[in-house]
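Student: Here's a sequence, model it:
(one chain, ligands or ions: 1)
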Amino acid sequence: MRLRRVLAIVGVVVLLLCMCCAGAGVWIWNAQVISTADRVDFTRPLAVPPLAPSRMEAGRRVFDLRAQAGEHDFGRGATPTWGFNGDFLGPTLRAARGEQVVVNVTNALDQTTTVHWHGMHLPAEADGGPHQLVGAGRTWSPTWKVDQPAATLWYHPHLHGETAGHVYRGLAGMFLVDDPATSVAALPHEYGVDDIPLIVQDKKFDSGGKLDDSSSFLGGVGVLGDTVAVNGTVGPYLDVTTERVRLRLLNGSNARSYEFGFPDGRRFALVGTDGGLLESAHDTDRIMLSPGERAEIVVTVRPGERTVLRSYPQPLETGLLGDRFTGGGDTLDILQLRAAGTLAPRPAVPQRLVGMPRLDRGDAVQQRPFKLSGHAINGRQMDMARVDAAPERGSVEIWKVVNNDGTPHNFHIHDVQFQVLTRGGAAPPPQLSGWKDTVYLPPNVTFELIMRFSDYADADTPYMFHCHVLYHEDAGMMGQFVVVPPGGKPGVVDHVSHLAHGAHH
Ligand SMILES: [Cu+2]
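Tutor: Numbering: from 1, shown residues only. Below you'll find the model as predicted:
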């Protein structure tokens, strides 16, 4: 009798525990999905970053950027932030192909930072990676000749182990390259009118309204926010006054990928990716961007309508659990488009856009494997003093890149724009057919990337390649390459960075 009673009690307790566990499991499962669809009040006009003023000095276009602390209104009072020439984010730099630019980067923060020109082809010493530290109170003045197709590039800090925090607090901005030969006049191109930069970032706040950069639960990708800011504006709307509007989308988030589209299923023209315009416009209803990637899309609107740019659940391809815990199941309203009652006409998007010189497999002199797993690449974590590859100036290489983890990674290469030769052995889809510098890597899909290391050789100063999920990059998923002269060998890479660079201010 007594044994039976004990067994019954034990059974009930076990049953209750199981129910609790199942309940907790369901709760955790459901808590991992964020949806702000139709829940965002679009009450604030979208901020458009100002174009950075510049001046010509001795034939060079000179910009001034000042990294500084400030406060920004995300709709929760004053939040401490960082920005360039302002409280949050930075102005849009704009220069023409062929121009020699100088950017005076002054660090008015109380700690060291760097500024990297993401997507830019330039000498390694101007790249702004972990070896070009800008100490507090100092100014760094890199200079280079802009020489690449018209493109939507960007800039952000890139110091070893601390990039995530600096970007998250607000240090980022766009850098537009102009080049008539690789532009299309029929595309909307009036900055801030029908050609709109959109820096999309997810943010999380603590109860005091401060930015919360704690890592998301179980995701292993770092911070995933539930609040989207576009150019720093939360709940933004854009007054559209033209039949067509070009949106230059930048995923400036630390970890989150977006799958952009519209609730009414409308199609839009994908006209450009990271490194410039596509050969032909791609008619689609979705474009996915992982951290650091850009896309230029042209959206057609009808007079008087309102529609919302939304991010949909996306195929991160890390499995049901993996996608769930890394933001892949989320739906986020991004930006409301408010079309005026009368719209100024804009030409249709031409089918053919620009010529795209194809890099040929037969020209590649080197193939290199890059396997990403466990916060390392090819089993090695970032080491400031180690050179992982030394391509020769002028040479073409194929980099075979694969994500061997069950978690989202992407791959960014400095200095070059590459072409995707194959994705999983097949020809790339249209959105990967143009110039790229960052590509999303679903697990166990091999990408063959082809690139030419033209112009700049410096055996002693490395460029970086890395995962652009900033938490992974900071954790060591990064490596270094130097471009050497033909027949040259890598030099000695300084593991102590040039902190004393530049003048004190
Ligand atoms: Cu990663």
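Student: For the ion, what is the nearest residue in the stretch 301-450 of the chain?
Tutor: Closest residue of the stretch 301-450 of the chain to the ion, Cβ to the ion: residue 409 (3.3 Å). Glycine gets a C-beta too; all of them are placed from N, C-alpha and C.
Student: cool, and the stretch 151-300 of the chain?
Tutor: Counting by Cβ to the ion, the stretch 151-300 of the chain gets nearest to the ion through residue 221 (7.1 Å).
Student: show me what contacts that residue?
Tutor: Applying Cβ atoms under 8 Å, 6 or more residues apart in numbering, we find residue 221 in contact with 215, 255, 326, 327, 407, 408, 469, 471, 472.
Student: swap the cut-off to 7 Å and go again
Tutor: Going by Cβ atoms under 7 Å, 6 or more residues apart in numbering, residue 221 touches 255, 326, 407, 408, 469, 471.
Student: just checking, the third one touches residue 220?
Tutor: Yes: counting by Cβ atoms under 7 Å, residue 407 does reach residue 220; the two are 5.5 Å apart.
Student: which residues do the two both contact?
Tutor: By Cβ under 7 Å, 6+ apart, no residue touches both residue 407 and residue 220.
Student: Would you mind naming what in the chain lies close to the ion?
Tutor: Residues of the chain found near the ion (Cβ under 5 Å from the ion) are 409, 467, 469, 472.
Student: Highest neighbour count among these?
Tutor: residue 467 (31 neighbours; other Cβ atoms under 10 Å).
Student: Surely that residue touches residue 474?
Tutor: No: the criterion here is Cβ under 7 Å, and residue 467 misses it with residue 474 at 9.9 Å.
Student: Tell me the residues that contact both of these two, please.
Tutor: By Cβ under 7 Å, 6+ apart, no residue touches both residue 467 and residue 474.
Student: Switch the residues of the chain next to the ion over to a markdown table; also include secondary structure.
Tutor: Converted to a markdown table, the residues of the chain next to the ion look like this (DSSP: H, G, I helix; E, B strand; the rest coil):
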| residue | secondary structure |
| --- | --- |
| 409 | strand |
| 467 | coil |
| 469 | coil |
| 472 | helix |
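Student: what would those residues look like in CSV with pLDDT?
Tutor: Listed next are the residues of the chain next to the ion as CSV, based on pLDDT from 0 to 100:
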residue, pLDDT
409, 97
467, 98
469, 97
472, 97
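Student: From the contacts of residue 221, keep the buried residues only.
Tutor: Taking 16 or more other Cβ atoms under 10 Å as the criterion, what is buried in these is 255, 326, 407, 408, 469, 471.
Student: before we move on, the earlier item: out of the residues of the chain next to the ion, flag the one nearest to residue 148.
Tutor: Distance ranking of the residues of the chain next to the ion against residue 148, using Cβ to Cβ, places residue 467 first at 23.4 Å.
Student: so where do the helices sit in the stretch 51-200 of the chain?
Tutor: With DSSP state H, counting those that start in this stretch as the criterion, the stretch 51-200 of the chain has helices at 163-168.
Student: Where do the helices of the stretch 251-400 of the chain begin and end?
Tutor: 319-325.
Student: how about residue 13, secondary structure?
Tutor: Three-state call for residue 13 (three-state DSSP): helix.
Student: what's the burial count for it?
Tutor: By other Cβ under 10 Å, neighbour count at residue 13 equals 10.
Student: Could you do residue 454 as well?
Tutor: Neighbour count for residue 454, taken as other Cβ under 10 Å: 16.
Student: Is it in contact with residue 394, as I believe?
Tutor: Yes: counting by Cβ under 7 Å, residue 454 does reach residue 394; the two are 6.0 Å apart.
Student: Contacts only, for the residue of the stretch 301-450 of the chain closest to the ion.
Tutor: Counting by Cβ under 7 Å, 6+ apart, residue 409 touches 372, 403, 441, 467, 469, 472.
Student: Closest one to residue 87 out of the residues of the chain next to the ion, please.
Tutor: Using Cβ to Cβ, the residues of the chain next to the ion come closest to residue 87 at residue 469, 26.1 Å.
Student: what sits against the closest one?
Tutor: Contacts for residue 469 (Cβ under 7 Å, 6+ apart) come out as 221, 222, 255, 291, 408, 409, 410.
Student: Perfect, I'm done here.
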